[in-house]
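Undergrad: sharing a sequence plus its predicted fold:
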Amino acid sequence: MDISSRISGNTLICYIRGELDHHTANEIREYIDYNLENNPVKNLIIDMSELSFMDSSGIGVLIGRYKKVTALGGKTAVVNENKQISKVLEVSGIYDIIFSFPSIQQALNEL
Amino acid sequence: MNIQNYMVLEIPSKSQNEAFARVVVAAFASQLDPTIEEIADIKTSVSEAVTNAIIHGYENSDGIVYIKCSMGEDDIQIEVTDEGKGIEDIEQARQPLYTSKPELERSGMGFTVMETFMDEVEVYSTKGKGTTVVMRKRFTSLKNNKG
Ligand SMILES: Nc1ncnc2c1ncn2[C@@H]1O[C@H](COP(=O)(O)OP(=O)(O)OP(=O)(O)O)[C@@H](O)[C@H]1O
Ligand SMILES: [Mg+2]
């Protein structure tokens, strides 16, 4: 797993590559929280183009970040998740609270 | 199930083995020529069961996770066993959103994911002794190919 980020306006954009499971969840959680706390941002976009796998550990990570972002008055979105991941997100009902977009540009326009 | 093939895997309860376990089971299941989606369902469900054994069964202490897979003509059975703390109320544990570890940011969706992605999920558990999750899935691709 590998994570990086950039900032666009008041939005933090995170790129997660590899797999999001119990083994990698902590590092992802800490990375995103650190960057949310130390930058003048309120929205969060997670680019999943290169995330190949996610299980319920990822649901926990997303809901936890959603709560932080909501407390900042911002919105949370995921971008370009694969079929396996969207099935997990669908089952968990997360699409009711977290937006999904096919591209970062569209996410930036809509948030 | 008319067993055609089987395999057993024994791993210490380390989180880096979660990816290994799901990849091994997926590779074994691929003998039945499943669809990409069916393989992804297997991988995700194995990940849930193995992760539960490590987090809840052993509560991140040292233990062994046993994985046994049996293959029929067009179906697979996967058993994931731990000798950890066990589940007191299985019915409650299987409820969507129920988690005993909210402080670890668990969402309580693991069993729901397994139930959605597999055809059958059975849970056997004895408090203080451990837990076995048995999951079964029938692959549709074979029948379709034989048409
Ligand atoms: N192998 C196990 N040993 C002991 N308890 C278990 C085991 N597997 C599950 N449980 C119990 O069942 C509950 C529900 O499990 P489930 O996988 O659905 O959710 P979770 O693991 O808490 O959260 P998530 O899977 O969404 O991260 C757990 O919180 C735990 O109390
Ligand atoms: Mg779980």
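TA: Good, I have the coordinates. Numbering: from 1, shown residues only, chains lettered A, B, ... in the order given. Ligands and ions are numbered 1, 2, ... in the order given.

Undergrad: distance check, the residue of chain A found nearest ligand 2 against B:Ser107.
TA: Distances between chain A and ligand 2 by C-beta to the ion are smallest at A:Ser56, namely 5.4 Å. C-beta coordinates here come from the backbone N, C-alpha and C atoms, glycine included. To B:Ser107, A:Ser56 is 6 Å away according to C-beta to C-beta, to the nearest Å.

Undergrad: please enumerate the shared neighbours of these two.
TA: In terms of C-beta atoms under 8 Å, 6 or more residues apart in numbering or on different chains, A:Ser56 and B:Ser107 are both contacted by the residues A:Ser92.

Undergrad: which one of these two has more residues nearby?
TA: A:Ser56 (28 against 24; other C-beta atoms under 10 Å in any protein chain shown).

Undergrad: my read: the more buried one touches B:Phe111, true?
TA: No: at 9.1 Å, A:Ser56 does not count as touching B:Phe111 under the criterion of C-beta atoms under 8 Å.

Undergrad: any residues in contact with both of those two?
TA: Joint contacts of A:Ser56 and B:Phe111 (C-beta under 8 Å, 6+ apart) are B:Glu48.

Undergrad: which strand residues bridge the residue nearest to the spatial centre of chain A?
TA: For chain A, the residue sitting closest to the mean C-alpha position, by C-alpha atoms, centre = their mean, is A:Ile46 at 3.3 Å. With DSSP bridges as the criterion, A:Ile46 is bridged to A:Cys14, A:Val78.

Undergrad: who touches it in this structure?
TA: Contacts for A:Ile46 were tallied using C-beta under 8 Å, 6+ apart; they are A:Cys14, A:Ile16, A:Ile32, A:Leu62, A:Arg65, A:Thr76, A:Ala77, A:Val78, A:Val79.

Undergrad: which residue ranges of chain A form helices?
TA: According to DSSP state H, chain A carries its helices in the segments A:22-37, A:56-71, A:83-92, A:104-110.
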